[in-house]
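S.K.: The amino acid sequence is not available; the structure is as follows:
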């Protein structure tokens, strides 16, 4: 296990503005409804629903919104959503995974394909890039949870596989299967996590420059803005110099 700086290739997941908060809440509500439909509508007996509710609370989603999303599943008055994963390549050969929850797979596939093609990318077949990623558990804690050494020690005791820390927070990684067990052990020591979720983590990264990075970020942002898209993962990395150019 090695503690190191949090990878900059997930920068697009940070800094969500208030302008997109309602869209974020909509995506969270959809995940809550799907989780409640797939299992019991009680978070105490449905681990996926419990994670969805906890993540919604961490982003300050109102309790009424959470309860409405669960009631939609109980009343069967909500749409039936499918979980579909799309894969493709962005500028510079960067691998991209797009997770969606959709009630119309034709619409979603068309929108995702169009977004790729209009922004320097190309959508591929299923598993065209998935083999470059590992599906694992990610447990996020704020920087105030403790020092990097404290988080590392707690993670080792809890049975985690890896830790990344930087000035923005701490990210603890586990196998997908151990995510719930590890997060429960961590909560006893560090308190409640900011988020607990399954992610696609790249096995290796693809380096790109600031020029390609600008186009890639536009592609990723447009994908994330789609109502049917829940998560976007990529394997790009940039030098600090190019990152500074992109953020300027």
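M.R.: Cool, the structure landed. Being a predicted model, the structure only gives us computed values, none of them experimental. Numbering: from 1, shown residues only.

S.K.: residue ranges for the strands of the protein, please.
M.R.: Using DSSP state E, the strands of the chain run over residues 3-4, 82-89, 95-102, 122-124, 133-142, 162-166, 169-175, 195-202, 206-207, 229-234, 236-237.

S.K.: Mean pLDDT, mean neighbour count and distance to residue 55 for those - can I get that in a markdown table?
M.R.: All C-beta atoms are positioned from the backbone trio N, CA, C, and that covers glycine. Shown next, in a markdown table, are the strands of the chain (pLDDT from 0 to 100; neighbours: other CB atoms under 10 Å; distance: least, CB to CB, whole Å):
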| stretch | mean pLDDT | mean neighbour count | distance to residue 55 |
| --- | --- | --- | --- |
| strand 3-4 | 38 | 12 | 24 |
| strand 82-89 | 95 | 18 | 16 |
| strand 95-102 | 96 | 23 | 14 |
| strand 122-124 | 95 | 15 | 27 |
| strand 133-142 | 95 | 19 | 9 |
| strand 162-166 | 93 | 19 | 19 |
| strand 169-175 | 95 | 22 | 14 |
| strand 195-202 | 93 | 20 | 5 |
| strand 206-207 | 94 | 18 | 28 |
| strand 229-234 | 95 | 22 | 11 |
| strand 236-237 | 92 | 22 | 24 |
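
S.K.: of those, which approaches residue 60 most closely?
M.R.: Nearest to residue 60, of all the strands of the chain, is strand 195-202, at 12.5 Å by CB to CB.

S.K.: by contact count, what packs against the closest one?
M.R.: helix 47-58, strand 133-142, helix 179-190, strand 229-234 (3 or more CB pairs under 8 Å, 6 or more residues apart in numbering; DSSP states H and E).

S.K.: Show me what it pairs with in its sheet, parallel or antiparallel.
M.R.: strand 133-142 (antiparallel) (DSSP bridges).

S.K.: which one in this structure is furthest away from the centre?
M.R.: With distances taken as CA atoms, centre = their mean, the residue sitting farthest from the centre of the chain turns out to be residue 75, at 28.1 Å.

S.K.: Could you report the separation of it from residue 30?
M.R.: 16 Å (CB to CB, to the nearest Å).

S.K.: any idea which helix or strand of the protein has the worst average confidence?
M.R.: strand 3-4 (a mean of 38; mean pLDDT, DSSP states H and E).

S.K.: Okay then, goodbye and thanks.
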